[in-house]
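# What follows is a protein structure lacking sequence information:
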């Protein structure tokens, strides 16, 4: 886990929770959408342009079909980012609500989530945050 990212999570997670509570589930029924909201609401909120992550250059690797692993790679918003400026996280997915966390939470309902569902979405988002790491560790002096 990256200390700075966890601190941002703790400081701003209530904004993401509010998003889940006030937005119909059909708007975030995909892991990529949830990852983008984490970046937008938690990581980029109130940051200077140079310290934000560049959502336009998000890369999602998915070599699965009905099940597999999603790998998210996103650079800082800099000209020609180096490896230490790329953030990576991942999640596993399945083909049904019994084997996929997001489908299990969503429960094939497009309306507003219940309090329990909001809590589960927040846990799913937290797991994405906890798995975040730099593609290459920055050198600390």
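Great, that's in hand. On a predicted model such as this, the values are computed, not experimentally measured, just so you know.

# Just list what the helix or strand of the chain with the lowest mean pLDDT packs against, helices and strands only.
Here the helix or strand of the chain ranked lowest by mean pLDDT, DSSP states H and E is helix 101-106, holding a mean of 93. Packing partners of helix 101-106 (3 or more CB pairs under 8 Å, 6 or more residues apart in numbering; DSSP states H and E): strand 86-93, helix 115-130. Where C-beta positions appear, they are placed from N, C-alpha and C, glycine not excepted.

# Could you give the average pLDDT over the last one?
This points to helix 115-130. Helix 115-130 shows a mean pLDDT of 98 in the predicted model.

# for the least confident helix or strand of the chain, which positions count as buried?
Across helix 101-106, burial judged by 16 or more other CB atoms under 10 Å covers 101, 102, 103, 105, 106.

# Could you tell me how far that helix lies from the centre of the chain?
15 Å (CA atoms, centre = their mean, to the nearest Å).

# Quick one: residues in contact with that helix.
The contact list for helix 101-106, computed with CB atoms under 8 Å, 6 or more residues apart in numbering, reads 25, 29-31, 34, 91, 93-94, 96-98, 113, 117, 120-121, 124.

# Check stretch 50-64 too.
By CB under 8 Å, 6+ apart, the residues outside stretch 50-64 that reach it are 32, 35-36, 39-40, 43-44, 68-78, 81, 87, 93.
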